[in-house]
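K.L.:
got a sequence here, can you model it:
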Amino acid sequence: MAELVTEPPTYTPQFNENTGQYEDVSPFIKRERKCIQYKCSCKSGTLFAGYSQWKTHKQTQTHRAYIANYEKNNKALDDLKSEKNDLLAKNGVLENKILALTIKNKKLNEIKNTFKQMLIQKNHLLHLINEGDDEFHDCDD
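P.N.:
Down below sits the predicted model:
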């Protein structure tokens, strides 16, 4: 069985409301085993897995400059990506609703056509019954 390879999640700094700036917050617990590998957008190809690698990475000059300019450079992009994902999810829900309504509409049209055919047959039978009353003659007379 083939394993699916997924792209590692992107590390994003957290906004500190007290200081009004973005700060590094570890996605790991110290001495955690079998950590998930994260990628950082500060430099192409930057990957880290574990608290010690993250701590070393966050001290690089490139990463510190990335955090200092995060709001100017990446905040809008990250917001648009999350908005895109939300819209894709909502779109999927709406497509499922459209599909369900299309199926219901098709069934209702079938029922409507069957009802029309039954009305036509009823009217035809009533017409035959009414014609038959005019032509009936009792043999005893």
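K.L.:
where exactly do the helices run in this structure?
P.N.:
Listed in chain order, the helices of the chain (DSSP state H) span 51-58, 61-68, 70-73, 75-135.
K.L.:
most tightly packed of those helices?
P.N.:
helix 51-58 (a mean of 16; mean count of other CB atoms under 10 Å). All C-beta spots, glycine's among them, are computed from the backbone N, C-alpha and C.
K.L.:
picking up where we left off before, do you know which of the helices of the chain lies nearest residue 41?
P.N.:
With respect to residue 41, and counting by CB to CB, the nearest of these is helix 61-68 at 7.2 Å.
K.L.:
name the helices or strands packed onto the closest one?
P.N.:
Under the contact criterion of 3 or more CB pairs under 8 Å, 6 or more residues apart in numbering; DSSP states H and E, helix 61-68 touches helix 51-58.
K.L.:
next, the angle from the helix it packs on to helix 61-68.
P.N.:
80 degrees (axes from the mean of the first three to the mean of the last three CA atoms, to 10 degrees).
K.L.:
no further questions, thank you.
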